[in-house]
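>>> Just a sequence and a predicted model for now, questions to come.
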Amino acid sequence: MSLDSLIEEIRSRAEAELRAADEARKAASAKIGAERDRQIREITESSARTAEIEAARERAQRIAAAKLKARKMLYEARERRLEGALRETRDLLAGYTDRPEYAGVLKRMVQVATDELGRPLKVSGRAEDSARLQKAAGKAFDPTPQPILGGLIAESADGSRRLNLSFDELLRLREDKVREILA
């Protein structure tokens with residue numbers, strides 16, 4: 001073998017090794033590029049999923065807050081309406097004290113108080129009702145005026161027991177039922 005052929009063979013082997021190394025580098029570069037692209041795609045998809053989850057959570061929180069606010073507003077409106085209706089009921093009860101049948105109601109209240117507390121007892125009410133109460137309760141009438149809407153307040157003679165039959169108290173005791181009726 002001659003020197004020229006040996007050099008040529010070395011050169012061809014070197015070129016083949018260079019081509020093989022270059023192809024290996026290109027393959028490794030393509031593999032790294034593909035891995036990079038895959039990781040970028042995964043990160044992008046993960047970010048999109050996370051963003052979607054966060055957006056859905058935010059939407060759910062806003063919707064829940066809006067529903068809560070709507071329920072609160074509805075409750076407040078209902079409460080205002082009920083308070084107005086209770087005021088109107090108080091006004092109707094105040095107007096009832098001017099009707100002729102109110103004297104009969106006071107008589108029945110005195111009878112209930114007598115049955116409940118026994119005799120002797122003290123009966124008091126509004127200053128406007130003093131004549132009616134004097135007639136209904138007789139000697140049991142106490143002229144001390146009470147700041148009530150109507151009705152009467154009865155007390156045992158010794159002051160140990162008290163029966164409040166005022167319209168204010170009767171309405172307060174039955175406010176839940178009145179609210180149910182008005183709702």
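Yep, that arrived.
>>> Which element is encountered next along the chain beyond the host helix or strand of residue 60?
Using DSSP states H and E, residue 60 falls within helix 3-96. Using DSSP H and E, the helix or strand that follows helix 3-96 towards the C-terminus is helix 102-117.
>>> next helix or strand past that next one?
strand 121-124.
>>> what's the following helix or strand past that next one in contact with?
Using DSSP H and E, the helix or strand that directly follows strand 121-124 along the chain is helix 130-137. The contact list for helix 130-137, computed with CB atoms under 8 Å, 6 or more residues apart in numbering, reads 102-103, 106-107, 109-110, 123-125, 141, 143, 145, 152. Placement of C-beta: from N, CA and C, glycine included.
>>> just those now: which is nearest residue 70?
residue 102 (44.3 Å; CB to CB).
>>> Quick check: that closest one touching residue 149?
No: taking contacts as CB atoms under 8 Å, residue 102 lies outside contact range of residue 149: 11.8 Å.
>>> Please report how far the residue nearest the centre of the chain lies from residue 165.
The residue lying closest to the centre of the chain (CA atoms, centre = their mean) is residue 72, at 5.1 Å. According to CB to CB, to the nearest Å, residue 72 and residue 165 sit 38 Å apart.
>>> show me the contacts for residue 156.
Listed by CB under 8 Å, 6+ apart, the contact partners of residue 156 are 117-118, 120-122, 162.
>>> Compare the residues you listed and tell me which has the most neighbours.
For those, the largest neighbour count, defined by other CB atoms under 10 Å, is 22 neighbours, found at residue 121.
>>> Just list whatever residues bridge to it.
residue 156 (DSSP bridges).
>>> Next up, the contacts around it.
Contacts of residue 121 (CB under 8 Å, 6+ apart): 113-114, 140, 154-157.
>>> List buried residues within these.
Buried members of the contacts of residue 121, scored by 16 or more other CB atoms under 10 Å, are 113-114, 140, 154-156.
>>> what would these look like in a markdown table with pLDDT and distance to residue 176?
Output for these, formatted as a markdown table (pLDDT from 0 to 100; distance: CB to CB, whole Å):
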| residue | pLDDT | distance to residue 176 |
| --- | --- | --- |
| 113 | 85 | 24 |
| 114 | 86 | 29 |
| 140 | 82 | 32 |
| 154 | 87 | 24 |
| 155 | 88 | 27 |
| 156 | 82 | 29 |
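>>> With distance to residue 34 added, can I get the residues you listed in CSV?
As requested, the buried ones among the contacts of residue 121 are exported to CSV (distance: CB to CB, whole Å):
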residue, distance to residue 34
113, 98
114, 102
140, 105
154, 97
155, 97
156, 99
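>>> Thank you, goodbye.
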